[in-house]
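> With the sequence up front, the predicted model follows.
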Amino acid sequence: MRARLRQQALLLVWLVVVWNLLWGTFSWANLISGVVLAVVVTTLLPLPSVPTSGRFRPLPALRFLGTFVVDLLVSSAEVSWLAFRPGRHRSAIITVQLRTDSDLLLTVIAEALSLVPGSLVLDLDRERRVMALHLVQVRDAAHVERQRANVLAMEDRVVRAFGSAEDIARLDDPSTETPETEGVGRR
Amino acid sequence: MSAADVVASVCLVAGSFLCLTAGLGLVRFPDVLNRMHAATKPQVLGVLLVMTGAVIRLTGQPVVWMLVLVGVFQLLTAPVSAHLVSRVAYRRRHVRRDLLLVDELGVPGTPGPAGSTAADTRADEPADGPERTGR
Amino acid sequence: MTVVAIVCFALLGAAAVLILTRLALGPSLLDRVVSTDALLVTIACGIAVYCAVYRDISLEPVLLVVALLAFVGSVSVARYIGGMLVKADTTPEERR
């Protein structure tokens, strides 16, 4: 119940901030109308509650953010080069066995993966935690494996930044990883 | 022209150039999934750069927060729409399988759910008009 | 600053022409969804460049609306096509 309240409060604050940014200025009028509007919106259109078990760790979060920015630059340059370069490139669709089991973290991972290292999330098997990705350019099988390792490293960074202690323990536990990730079905 | 103006100009031109790259990729890439890549990565970075340039130019005016909001929204929403579109694209077989080096989702003979293997062996259906994936 | 404006508008204009080509060619509906999204974002960039170069803030709300419309448009069309897909499939799927 307390977690739910805290979540509601965070949502309210976020909505009020967005409302003020929309008007461009922070003023009392904007603040009060923003609060009223946020309360109306959250009561009229309630969202399902997302179980948030994690906590925020500043240092790993900074590391995640830094890598994210660098990755964004690199992958933009890569895709730009592909667009300009003559000739064709080969793509790949791979499935990756993830170790995280939290809705929120999986969402963050999927968002980050769609933006950065040359990949695009196609599908996610929630029960088996298998994510299907489309890779824009692969040269050979070794390159595919490197990309897979990149995905897992990204998961690692996200979980260490925002996950709970349990999530991190799951990350280090080798038994949660299934040895066979090849050819896993779509759902 | 002050130093801030120079930085802003560089950001604006670089952002516009990345938008051009996105357009070029959209035209040149062979299938929907590849085109999604072009429409997400360079496009998002381009928007962020243009917004940065505009923020630098317009500092001091209250509306800069709106520009920040546009950048944040772009960062949050681009992956969502990219994922939705690419999922539909994959399910509707808008994929050039001959250009795939590895395809772990639709490998024939893999133990997948019955529905998906049936779908994989099904011929490419012309979903919305003739599917000619030209360049 | 005028030079910057000319260069930016030339680049964005070329991008818009390319995207329009894909919009016209695009073999499937999804290609057109993607190009519409990209086109709206390019328009938003153009408005931002205009605001920045001429220090004119009157178009800023338009910029915000265009940027959000791009997202809402592509997501709703993609979901609509996805819905048709679920109906057309023989196996019923549980989708969010």
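Okay, I see it.

> Check which helix or strand residue A:121 maps to.
Residue A:121 belongs to strand A:119-125 when assigned by DSSP states H and E.

> How about residue C:36?
According to DSSP H and E, residue C:36 maps onto helix C:29-54.

> Beyond that helix, next helix or strand please.
Helices and strands here follow DSSP H and E; after helix C:29-54, the next one along the chain is helix C:60-88.

> ok, now which ones touch the nearest residue to residue B:51 once chain neighbours are set aside?
In space, and not counting its chain neighbours, residue B:51 is closest to residue B:71: 4.2 Å by Cβ to Cβ, 6 or more residues apart in numbering or on different chains. In this view, the C-beta of every residue, glycine as well, is placed from N, C-alpha and C. Shown in contact with residue B:71 (Cβ atoms under 8 Å, 6 or more residues apart in numbering or on different chains): B:47, B:48, B:51, B:52.

> need these in JSON lines with distance to residue A:71 and neighbour count, can you?
Output for these, formatted as JSON lines (distance: Cβ to Cβ, whole Å; neighbours: other Cβ atoms under 10 Å in any protein chain shown):
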{"residue": "B:47", "distance to residue A:71": "17", "neighbour count": "26"}
{"residue": "B:48", "distance to residue A:71": "14", "neighbour count": "21"}
{"residue": "B:51", "distance to residue A:71": "19", "neighbour count": "28"}
{"residue": "B:52", "distance to residue A:71": "18", "neighbour count": "22"}
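
> got TSV for the residues you listed, with distance to residue A:45 too?
Compiled in TSV, those are given as follows (distance: Cβ to Cβ, whole Å):
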residue	distance to residue A:45
B:47	28
B:48	29
B:51	28
B:52	33
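
> out of the residues you listed, which one sits closest to residue A:164?
Residue A:164 lies nearest to residue B:48 out of the contacts of residue B:71, by Cβ to Cβ, at 30.8 Å.

> Report the secondary structure element holding that closest one.
In this assignment (DSSP H and E), residue B:48 forms part of helix B:32-57.

> tell me the angle of that helix relative to strand A:119-125?
For helix B:32-57 against strand A:119-125, the angle by axes from the mean of the first three to the mean of the last three Cα atoms, to 10 degrees is 120 degrees.

> returning to what we had before: quick check: buried residues in the helix holding residue C:36?
Applying a neighbour-count criterion of 16 or more other Cβ atoms under 10 Å in any protein chain shown, one finds C:29-53 buried in helix C:29-54.

> So what's the model's average confidence on stretch B:66-73?
On average, the pLDDT along stretch B:66-73 is 84.

> Stretch A:137-153 now?
81.

> near chain B at all, stretch C:30-48?
Yes: for stretch C:30-48, a contact with chain B is found by Cβ under 8 Å from any Cβ of the partner chain, at C:30, C:31, C:33, C:34, C:35, C:37, C:38, C:41, C:42, C:44, C:45, C:48.

> Get me the contact residues on chain A for chain C.
Counting by Cβ under 8 Å from any Cβ, the residues of chain A near chain C are A:22, A:24.

> so where is chain A shaky, pLDDT-wise?
Applying pLDDT under 70 to chain A flags residues A:1-3, A:49-54, A:117, A:173-187.

> In what element of secondary structure is the closest residue to chain C within it found?
Nearest to chain C, among the residues of chain A, is residue A:22, at 7.1 Å (Cβ to the nearest Cβ). Using DSSP H and E, residue A:22 maps to helix A:2-23.

> buried ones in that helix?
Applying 16+ other Cβ under 10 Å to helix A:2-23 flags A:8, A:12, A:15, A:16, A:17, A:19, A:20, A:21, A:23 as buried.

> okay, these in a markdown table with distance to chain B next?
Output for those, formatted as a markdown table (distance: Cβ to the nearest Cβ, whole Å):
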| residue | distance to chain B |
| --- | --- |
| A:8 | 20 |
| A:12 | 18 |
| A:15 | 13 |
| A:16 | 13 |
| A:17 | 9 |
| A:19 | 10 |
| A:20 | 8 |
| A:21 | 4 |
| A:23 | 8 |
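
> Take those and lay them out in JSON lines including distance to residue A:138.
Below are these laid out as JSON lines (distance: Cβ to Cβ, whole Å):
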{"residue": "A:8", "distance to residue A:138": "45"}
{"residue": "A:12", "distance to residue A:138": "45"}
{"residue": "A:15", "distance to residue A:138": "42"}
{"residue": "A:16", "distance to residue A:138": "45"}
{"residue": "A:17", "distance to residue A:138": "41"}
{"residue": "A:19", "distance to residue A:138": "45"}
{"residue": "A:20", "distance to residue A:138": "45"}
{"residue": "A:21", "distance to residue A:138": "40"}
{"residue": "A:23", "distance to residue A:138": "47"}
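
> re earlier: after the helix holding residue A:22 comes which helix or strand?
helix A:28-44.

> Run through the neighbouring helices and strands of that following helix.
Where contact means 3 or more Cβ pairs under 8 Å, 6 or more residues apart in numbering or on different chains; DSSP states H and E, helix A:28-44 is packed against helix A:2-23.

> next one: phi and psi at residue C:26?
Backbone torsions for residue C:26, taken as degrees, to the nearest 10, come to phi -20, psi 110.

> so what pLDDT did the closest residue to it other than its chain neighbours get?
Nearest non-adjacent residue to residue C:26, counting by Cβ to Cβ, 6+ apart: residue C:32, 4.6 Å away. Residue C:32 is assigned 86 on the pLDDT scale.
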